[in-house]
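J.: how does the following fold in three dimensions:
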Amino acid sequence: MKVRVHYIDNTQGEQTAVKIGIEEWQQLKKYLSEASENNKETIDFIETPVKVDKIEAKPKKRSFSDFLMDL
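T.: All right, here's what the predicted structure looks like:
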């Protein structure tokens, strides 16, 4: 099984978390649940939804002379 992982860095550039797609998560969760049943070891998934606000990029303010230079 291949899982595409996206690392999330903090402001110091340290990796603090990972993000995976929902399909990969469902496959990984199924795999771990089956492994748990076969090995008699319990795996509890504690899912805590977190609301992530959308970050909107604000256009960079440009002077009129910059606009003219781009023409």
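J.: now do the SS call for the spatially most central residue of the chain.
T.: When CA atoms, centre = their mean is applied to the chain, the residue found nearest the centroid is residue 19 (2.9 Å). Put simply, residue 19 is strand when judged by DSSP: H, G, I helix; E, B strand; the rest coil.
J.: in which helix or strand does the nearest residue to it once chain neighbours are set aside reside?
T.: Nearest residue to residue 19 in three dimensions, chain neighbours excluded: residue 6, at 4.4 Å (CB to CB, 6 or more residues apart in numbering). In short, each C-beta sits where N, CA and C put it, glycine included. Using DSSP states H and E, residue 6 maps to strand 5-9.
J.: my read: the residue nearest to the centre of the chain touches residue 3, true?
T.: No. Proximity of residue 19 to residue 3 does not meet the contact threshold set by CB atoms under 8 Å, at 11.1 Å.
J.: mutual contacts of the two, please.
T.: The contact sets of residue 19 and residue 3 do not overlap (CB atoms under 8 Å, 6 or more residues apart in numbering).
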